[in-house]
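Undergrad: have a look at this prediction, sequence included:
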Amino acid sequence: MKSGLLLALLVGSVSQAEETPPGTGAPLTFESSELHDLAGTWGEPFRALMLLPGVSHIVSGASLPVVRGAAPSSTAFYLDGVRVPQPQHLWVGPAAVHPALISGLDFHRGPAPARFGRGVGGTVDARLLPPSTDSVRALASIDLLNVGLLTQLPLTSTGTELTLAGRFAYTPWLAASVINGLRSSPGPDLVLGLFDYQARVTQAVGRGSLRLFAFGGSDDVGLRGEGDVVRFGTGFHRVDLRLTHPLGVGEAEAAVTWGRDSLGANGGGDASRLTVGLTERILGARVAWRASLSQRLAVETGADVERRLADVEQSTTFRPGEAGDPHRPTVTTDVLQSIARTTLVGAYAQATWTQGPWQLTPGLRVDGYLLEPAVNQVVVEPRLHARAMLSETVALRLGAGLLHQPPAHSLDAPGISVTALRLGMQRVLQVEVGTDVRGPAGFTFGADIFVHPVVRTVDLDVLAFDVFADDPVGRGQMRTAEGHGYGVELLARRPLSERWSLLASYTFQRRTLRTRVERRDEAGRVLSTDWMLLPASLEQMHVLNTAVTVKLPWGLTVGTTLHYNTGAPEAGGLLYSYTQRQGVDPEKGTPRWVPEDRDRVARLPGYFRVDGRVSKTGTVGPLALEAWLDVFNLSLTRETFRYTYGRERGQWVRKPFGLPPVTLPSLGLQARY
């Protein structure tokens, strides 16, 4: 079902209620064709997620979805049943999966079906492009950043199909090559490399199908060679072998997944260098069975297991002696330390019962978390989805579920979440009520009201290395908070079936957590400590998006997106500054800035942005061509997420961090055969 939500005036969501597949909960369902022409998204379905209700951001331009106030790492992305560890290059860049390989997606903002687990945020379930069964198909594209290719090769005689896709960021690579070639003096080389790949082989096996799917990506940025260097790199790889085959009155699925994630950095000079790398190796298996036992009853059950091994490797190189002495010795130390040996086991079952206008889907998921040698925890997650067709055009929905997840940073890194099991589990209860309304002229509307009691959350400090604390229980208690989230989400939608389309969403959301407040005097000294319910650091109360696309004659399509959000609390963190107030130095008695009490911090200013897109389509022989210009932040507006505090000419000065407006154009050409 293409979903939506509730309000008496009914402004909002998705498509026809009777199209809801049994047992899928209430996702927002989109085909990629509906997301392709949205301005400011570069044609990437994962980036289009930022325009949907319930989604806010950390900083504009970075596709890091904050779903109903949860940290971006709490939202899980799946691609044909396989979890994607890093949907974007370098977390904030272009998509790490070829956009044309995704045929559509389902977005669960609240409790997802029981087959999804180990996450307290949203769930994005992306569908792969179906195999080509009749002819060879190919797509080549080039834009200001990437060159990409996708091809499908069917072998009808054997029932085999091969799909290959990938993108390479050629512009950074060319820029680094030119800069290195023009350098007149010796020194380190600039490295800028980003690429991703996807490969799928499907094979008919009797009445079933065998699918081998491999995908991954790599990022490498920095300086290498002689002299002072700093270098940063990430990478991930997944290989999934899956067999689906009829079994009894239903269909069975069995799959095995191998994966490897890495994150590394090194820096230093000729005298000493330090290299640190995180690696996580994954081996998993899953089974499932689903069947329609009658016209009224459908069931689904399954289980999965994952073995995760996380290691940290540190290498130090030191050259004692005088600089320039060719006879200086080189001393190298290498340390490989295991940080987590974890086994994750899950099982689930759900049934969908339909009677007249009513549909009820109860489900249950049980997960076990074993972190060697001492952590062994089992969690039980009941789920419930219900739907009632009040008329041919109006549907009412209900969703509820208890969800768990290990602690994680806002930007997840290999091995961190399983290592953080030492700090205890996060636990959130999610409840939502919504309605969908089918209107005239192809419109659908909807609204949701949600309440998310936060039973326990653990916010990791990216600079405090909580997961390696000597007292993990105590550190976990210090990072633990409770609170609640609630809000209203509206969506109006009209697909591009005729001359124009509309996607408009509005989100009002609150997320408050029990927060430690330090009372400080004028010198910044802590006088006392209070605990209060305060807005979470990522809370943006109001978010509004409106995307309009219009088809014109001569193959022209134009579109624009308007975005507005109110600011988050200026309470510090990975990117945000912390509000300061006027104070004095306790020793010198001179004026200085001191931290404001947490319950008195200011809000960052609101942000308004306009995106624009224009494209031209045509044909040349057997080729379908498309040229486009897509500009993110065409309005050249600047988002303020940090302030600097100082004194100039004896005056107190608080001014926005001096970054220029972030405007990202994408000019490209695509040929489809």
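TA: Structure's in. What do you need?
Undergrad: what about the nearest residue to Thr343 once chain neighbours are set aside, which helix or strand?
TA: Nearest residue to Thr343 in three dimensions, chain neighbours excluded: Leu370, at 4.4 Å (C-beta to C-beta, 6 or more residues apart in numbering). In short, each C-beta sits where N, CA and C put it, glycine included. Take DSSP states H and E as the rule and Leu370 turns out to sit in strand 358-371.
Undergrad: ok, now Ser177?
TA: helix 170-182.
Undergrad: and that helix, average pLDDT?
TA: Taken as a whole, helix 170-182 has a mean pLDDT of 92.
Undergrad: hang on, the earlier thing: adjacent strands (with direction) for the strand holding Leu370?
TA: strand 331-355 (antiparallel), strand 375-389 (antiparallel) (DSSP bridges).
Undergrad: and those strands as JSON lines, adding mean pLDDT and mean neighbour count?
TA: Shown next, in JSON lines, are the strands paired with strand 358-371 (pLDDT from 0 to 100; neighbours: other C-beta atoms under 10 Å):
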{"stretch": "strand 331-355", "mean pLDDT": "94", "mean neighbour count": "16"}
{"stretch": "strand 375-389", "mean pLDDT": "96", "mean neighbour count": "17"}
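Undergrad: tell me the mean pLDDT over whichever strand or helix holds Leu223?
TA: Taking DSSP H and E as the definition, Leu223 sits inside strand 208-224. Strand 208-224 shows a mean pLDDT of 96 in the predicted model.
Undergrad: please save the CA atoms from it in PDB.
TA: Extracted in PDB, the C-alpha atoms of strand 208-224 (Å, rounded to 0.1, in the frame of the first residue of the first chain):
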ATOM      1  CA  GLY A 208      12.500 -21.600  -8.200                       C
ATOM      2  CA  SER A 209      15.400 -19.200  -8.700                       C
ATOM      3  CA  LEU A 210      19.000 -18.800  -7.500                       C
ATOM      4  CA  ARG A 211      20.300 -15.300  -7.200                       C
ATOM      5  CA  LEU A 212      24.000 -14.200  -6.500                       C
ATOM      6  CA  PHE A 213      24.200 -10.600  -5.700                       C
ATOM      7  CA  ALA A 214      27.500  -8.700  -4.900                       C
ATOM      8  CA  PHE A 215      27.900  -5.000  -4.300                       C
ATOM      9  CA  GLY A 216      30.300  -2.600  -2.600                       C
ATOM     10  CA  GLY A 217      32.100   0.700  -2.600                       C
ATOM     11  CA  SER A 218      35.300   2.400  -1.800                       C
ATOM     12  CA  ASP A 219      36.400   5.900  -0.800                       C
ATOM     13  CA  ASP A 220      40.000   7.200  -0.500                       C
ATOM     14  CA  VAL A 221      40.700  10.800   0.300                       C
ATOM     15  CA  GLY A 222      43.900  12.500   1.400                       C
ATOM     16  CA  LEU A 223      47.700  12.800   0.900                       C
ATOM     17  CA  ARG A 224      50.100   9.900   0.400                       C
END
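Undergrad: coming back round to it: and the very next helix or strand once past the helix holding Ser177, what does it pack against?
TA: Using DSSP H and E, the helix or strand that follows helix 170-182 towards the C-terminus is strand 189-205. With contacts taken as 3 or more C-beta pairs under 8 Å, 6 or more residues apart in numbering; DSSP states H and E, strand 189-205 sits against strand 160-169, helix 170-182, strand 208-224, strand 229-247.
Undergrad: ok, then the element right after the longest one?
TA: Later in the chain than strand 229-247, the nearest helix or strand by DSSP H and E is strand 250-268.
Undergrad: got the buried residues for the following helix or strand past that following strand?
TA: Per DSSP H and E, the first helix or strand lying C-terminal to strand 250-268 is strand 272-292. Within strand 272-292, the residues scored as buried using 16 or more other C-beta atoms under 10 Å are 273, 275, 277-282, 284, 286, 288-291.
Undergrad: dump those to TSV, plus distance to His404.
TA: Converted to TSV, the buried residues of strand 272-292 look like this (distance: C-beta to C-beta, whole Å):
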residue	distance to His404
Arg273	41
Thr275	35
Gly277	29
Leu278	24
Thr279	25
Glu280	20
Arg281	23
Ile282	19
Gly284	18
Arg286	18
Ala288	21
Trp289	24
Arg290	24
Ala291	28
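Undergrad: and of these, the nearest to Ser497?
TA: Distance to Ser497 across the buried residues of strand 272-292 (C-beta to C-beta) is lowest for Arg290, with 31.3 Å.
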